[in-house]
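Chemist: Provided below are the primary sequence and the corresponding predicted coordinates.
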Amino acid sequence: MHPLGFMLGTCAVAAPRPLIDNPQASPSALISQATTQVLAFLKTHRIALRTENRKTVVALANEVVPYFDFALTSQYVLGRYWQRATPAERNQFQGFFYHYLIHAYATALRHYHGVRITVVPYRGSTEVHYANVLTVIHTRGGQSVHVLYALYRTL
């Protein structure tokens, strides 16, 4: 599996701030808008991302983090061990997991150019609280990487 697809696919995605003016917009519209914003950031900062200096990693974190629910994703990653962990251990894991993902994204996105992303239209109701949106990343080498985003409504 393509490393970028693995990283994107392992995270539950949520929108903690309103990203689309219409709260009834489809989940695929949300993913499409988020993808467009992140791709624009990558295009603008392509050269800076190659160096992965601290300033660039922070800028990337500010761009990507609003789309992820790290607390929920941390629970999914730890599975049954989440309940066994103390609140301090949970907080510590979330911090480590956050830094790991940000640096993993920065590393993967340094090589992220010349690709296209197709967002498969969501066919379900916009009234649901949970939705999955499929995207396909088309690499320059002709490989297709399928990434499934899990979303939930926060409004």
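Modeler: Good, I have the coordinates.

Chemist: Could I get the full set of helices for this structure?
Modeler: 3-9, 27-44, 46-51, 54-64, 70-78, 81-84, 87-109 (DSSP state H).

Chemist: Switch those helices over to TSV; also include mean pLDDT.
Modeler: Shown next, in TSV, are those (pLDDT from 0 to 100):
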stretch	mean pLDDT
helix 3-9	40
helix 27-44	86
helix 46-51	72
helix 54-64	77
helix 70-78	91
helix 81-84	96
helix 87-109	88
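
Chemist: how about stretch 43-59: buried residues?
Modeler: Of the residues in stretch 43-59, 49, 56, 57, 59 count as buried by neighbour count, 16 or more other C-beta atoms under 10 Å. Bear in mind the C-beta positions are built from the backbone N, C-alpha and C, glycine included.

Chemist: mind saving the C-alpha coords of that stretch as CSV?
Modeler: Taking Å, rounded to 0.1, in the frame of the first residue of the first chain, the C-alpha atoms of stretch 43-59 are listed here in CSV:
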residue,chain,number,x,y,z
LYS,A,43,1.3,23.6,-3.9
THR,A,44,2.2,26.9,-2.3
HIS,A,45,4.7,25.3,0.2
ARG,A,46,6.1,22.5,-2.0
ILE,A,47,9.7,23.6,-1.8
ALA,A,48,9.5,24.4,2.0
LEU,A,49,8.0,21.0,2.7
ARG,A,50,11.0,19.3,1.3
THR,A,51,13.2,20.6,4.1
GLU,A,52,10.7,19.7,6.8
ASN,A,53,11.9,22.4,9.1
ARG,A,54,10.0,23.1,12.3
LYS,A,55,8.2,26.2,10.8
THR,A,56,6.9,24.1,7.9
VAL,A,57,5.8,21.3,10.1
VAL,A,58,3.8,23.7,12.3
ALA,A,59,2.3,25.3,9.2
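
Chemist: Can you give the distance of that stretch from its chain's centre?
Modeler: Offset of stretch 43-59 from its chain centre (C-alpha atoms, centre = their mean, to the nearest Å): 17 Å.

Chemist: Show me what that stretch is in contact with.
Modeler: 41, 42, 60, 102, 103, 106, 107, 109, 110, 113 (C-beta atoms under 8 Å, 6 or more residues apart in numbering).

Chemist: Quick check: the gap between the first one and residue 68.
Modeler: Distance of residue 41 to residue 68, computed by C-beta to C-beta, to the nearest Å: 15 Å.
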